[in-house]
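>>> following is a predicted model, sequence given first.
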Amino acid sequence: MGEVAGLPGWLVDDSYSQVGDLAETVTLLLDDPPDAGADVPLSEWIERRLLPLANAAPEVRRAAVTAAWRSLCFDERLAFNKLLTGSLRVGVSQRLVQQALAELSGVDIARIAQRMLGAWTPDADWMAHLLDPRERPGDRQQPYPFFLASPLEATPESLGPIDEWLLEWKWDGIRVQLIRRDGGVALWSRGEERLDGRFPEIEQAAAALPDGTVLDGELLAWRDDGDAPLPFTALQTRIQRRKPGARTLADTPERVVAYDLLELGGQDLRGLPQLERRARLGQVLAALDDPRIALSPRVQPASWEHAAGLRSQSRERGVEGLMLKRAGAAYQSGRRRGDWWKWKVDPLTIDAVLLYAQAGHGRRSTLFTDCTFGLWHEGALVPVAKAYSGLDDAEILKLDRWIRAHTIERFGPVRAVEPVQVFELGFEAVNRSRRHKSGIAVRFPRILRWRHDKPAAEADVLAALQALAR
């Protein structure tokens with residue numbers, strides 16, 4: 001970039017740190033060409049100019065990129081750079097795209113959503129498959145779109161009588177669909193990734209399920225002699241191991257705790273009431289009789305007050321709270337409010353000191369919003385968590401100005417600041433970790449409030465966090 005624009009490297013670097021977006025920085029630092037190039041359609045750029053460059057020699061890729069920079073006007077150059085860096089974003093929900101495609105093609109939106117799961121290449125052949133009204137062979141290999149719960153922000157009494165609801169524990173694992181179709185087994189995560197081979201004990205157990213069965217549930221690290229799952233950090237040791245060895249399998253055995261039955265005998269059951277699906281799921285798992293695929297136990301409190309008391313025991317049970325599911329609800333797709341609620345326990349909290357800050361991404365790419373916080377340990381502040389959210393817009397602007405005025409050292413895009421600002425952080429759980437300098441890993445940290453009333457010397461100590469660790 002510096003060579004093409006005739007600029008020193010330090011100026012390019014400094015411009016990038018100010019703008020915060022690489023594609024936009026490159027676009028701004030180049031002049032528009034004197035004459036606009038030919039009007040080349042987007043498909044031509046992607047399919048014939050960009051994709052063939054993959055794995056080409058560096059000089060070939062360099063020539064193609066610089067030639068494009070010199071031929072494109074500002075708007076086209078920005079789009080090109082966004083494509084090149086993989087940061088092209090359009091602010092539209094996936095559901096809206098699926099609705100538009102369903103209206104265009106006449107294909108049911110549930111089928112559209114199902115076909116869009118997993119990895120795919122947006123070319124002409126894939127679009128023909130996506131919009132084909134017939135059932136395609138690939139449809140049998142895909143999971144169903146996951147139904148997602150909404151956080152319960154009101155009191156549970158506002159939902160009506162408790163006997164109209166099915167209550168279960170909210171597990172802290174990996175949401176999965178376990179598919180037994182056409183003589184094979186597939187394990188799909190909610191992140192639309194196939195996990196085949198990583199959890200062979202689950203696949204072995206699933207092979208005994210009736211053909212044409214799809215279960216929805218939670219993948220957990222769980223020893224057979226335990227009455228609660230192992231911490232999520234134990235599960236993390238298995239996620240990236242595509243072929244776990246015997247020792248790994250012995251140290252962190254897995255199980256799927258199933259809580260919904262989406263398909264049985266090849267029949268789609270998602271339209272049935274929640275209680276009926278659960279009853280059939282219980283029958284399937286009773287016949288299977290394998291602890292590696294277990295039924296999520298039903299929680300049956302006598303009242304919402306009783307349910308609140310059980311919820312308060314969540315951390316001791318190794319769960320995040322309670323799930324509330326309307327007894328007569330169908331299984332939908334996406335986050336559809338009203339039928340599934342997650343009633344999580346209140347977060348654990350600490351008061352920590354701001355140590356480092358880095359610019360965010362997207363619309364916050366010019367603001368310092370990615371923060372690292374520390375706790376006191378033997379007279380020094382030790383980093384324990386990073387948090388990106390929790391402040392309102394006015395607080396974000398105020399903190400950004402403070403960070404710029406109180407930077408004491410720079411490490412590339414990261415700024416070290418005067419360790420005087422205290423923030424209350426919330427998180428779901430604390431686990432021991434060998435991967436972190438502090439020896440601790442916190443789950444889902446976020447900023448709860450800016451503690452203007454508290455000096456840094458009164459922030460919490462690392463030992464307080466260690467005492468909470470599982």
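That came through fine.
>>> may I see the buried residues of the helix or strand where Glu76 lies?
Following DSSP states H and E, the helix or strand that holds Glu76 is helix 74-85. By 16 or more other CB atoms under 10 Å, the buried positions in helix 74-85 come out as Glu76, Arg77, Leu78, Ala79, Phe80, Asn81, Lys82, Leu84. Glycine gets a C-beta too; all of them are placed from N, C-alpha and C.
>>> so what does whichever helix or strand comes after that helix touch, helix or strand wise?
Sequence-wise, the next helix or strand downstream of helix 74-85 (DSSP H and E) is helix 94-105. Applying 3 or more CB pairs under 8 Å, 6 or more residues apart in numbering; DSSP states H and E, one finds that helix 94-105 contacts helix 109-115.
>>> just the element for the residue nearest to Ser87 when sequence neighbours are not counted, please.
Of all residues not flanking Ser87 in the chain, Ala23 sits nearest, at 5.7 Å (CB to CB, 6 or more residues apart in numbering). Using DSSP H and E, Ala23 maps to helix 22-29.
>>> can you tell me how far the closest residue to Leu72 other than its chain neighbours is from Leu50?
Once flanking residues are discounted, Leu72 sits nearest to Phe80: 5.8 Å by CB to CB, 6+ apart. According to CB to CB, to the nearest Å, Phe80 stands 9 Å off from Leu50.
>>> and if you look at Asp227?
Distance from Asp227 to Leu50, by CB to CB: 54 Å.
>>> between those two, which is the more surrounded one?
For Asp227 versus Leu50, neighbours defined as other CB atoms under 10 Å are more numerous around Leu50 (17 against 8).
>>> part of a strand, is that one?
No: going by DSSP: H, G, I helix; E, B strand; the rest coil, the assignment for Leu50 is helix, not a strand.
>>> for it, which non-adjacent residue is closest in space?
Per CB to CB, 6+ apart, closest to Leu50 is Leu83, 6.5 Å.
>>> contact partners for the one you found?
Residues near Leu83 by CB atoms under 8 Å, 6 or more residues apart in numbering: Trp45, Ile46, Leu50.
>>> just for the stretch 351-470 of the chain, where's the confidence low?
For the stretch 351-470 of the chain, the stretches with pLDDT under 70 are 362, 470.
>>> that one: strands as residue ranges?
Assigned by DSSP state E, counting those that start in this stretch, the strands in the stretch 351-470 of the chain fall at 368-377, 380-387, 407-411, 414-417, 422-427, 430-432, 440-442, 446-450.
>>> quick revisit: how near is the residue nearest to Leu50 to Asn55?
Relative to Asn55, Leu83 is positioned 17 Å away (CB to CB).
>>> likewise Ala205?
Counting by CB to CB, the gap from Ala205 to Asn55 is 40 Å.
>>> of those two, which one has the most company?
Legend: neighbour count by other CB under 10 Å for Ala205 and Asn55, higher for Ala205 (21 against 7).
>>> and the residue nearest to His436 when sequence neighbours are not counted, how many residues sit next to it?
Once flanking residues are discounted, His436 sits nearest to Val384: 7.8 Å by CB to CB, 6+ apart. Per other CB under 10 Å, the neighbour tally for Val384 reads 29.
>>> in this structure Val384 contacts Leu462, no?
Yes: if you go by CB atoms under 8 Å, Val384 and Leu462 touch, sitting 6.9 Å apart.
>>> where do the contact lists of those two overlap?
With CB under 8 Å, 6+ apart as the test, Val384 and Leu462 both reach Leu375, Ser438, Ile440.
>>> run through the bridge partners of the first one.
As for beta bridges, Leu375 partners with Val382 under DSSP bridges.
>>> for it, give me its contacts.
Applying CB under 8 Å, 6+ apart, we find Leu375 in contact with 350, 352-353, 381-382, 384, 438, 459-462, 464-465.
>>> how about Ala64, nearest residue that isn't a chain neighbour?
Leu53 is the one closest to Ala64 (CB to CB, 6+ apart), at 5.7 Å.
>>> before we move on, what about Pro445?
The shortest distance from Pro445 to any non-neighbouring residue, by CB to CB, 6+ apart, is to Ala385 (4.1 Å).
>>> now do the contacts for that neighbour.
Ala352, Thr372, Phe373, Leu425, Phe427, Val442, Pro445.
>>> most widely separated two among those?
Distance extremes for these: the farthest pair is Thr372 and Phe427 at 14.2 Å, using CB to CB.
>>> need the pLDDT of the spatially most central residue of the chain.
Geometric centre of the chain, nearest residue: Gly191, 6.6 Å, by CA atoms, centre = their mean. As predicted, Gly191 sits at a pLDDT of 81.
>>> Leu230 now?
In this model, Leu230 carries a pLDDT of 86.
>>> again with Phe80
91.
>>> gap between it and Ala385?
38 Å.
>>> can you check Lys342 too?
Relative to Ala385, and taking CB to CB, Lys342 is found at 22 Å.
>>> ditto for Ile109
Per CB to CB, Ile109 is found 39 Å from Ala385.
>>> picking that back up, buried ones in the helix holding Ala23?
Leu22, Ala23, Glu24, Thr25, Val26, Thr27, Leu29.
>>> mind putting those in a markdown table, distance to Leu235 included?
Formatted as a markdown table, those follow (distance: CB to CB, whole Å):
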| residue | distance to Leu235 |
| --- | --- |
| Leu22 | 34 |
| Ala23 | 36 |
| Glu24 | 38 |
| Thr25 | 39 |
| Val26 | 40 |
| Thr27 | 42 |
| Leu29 | 45 |
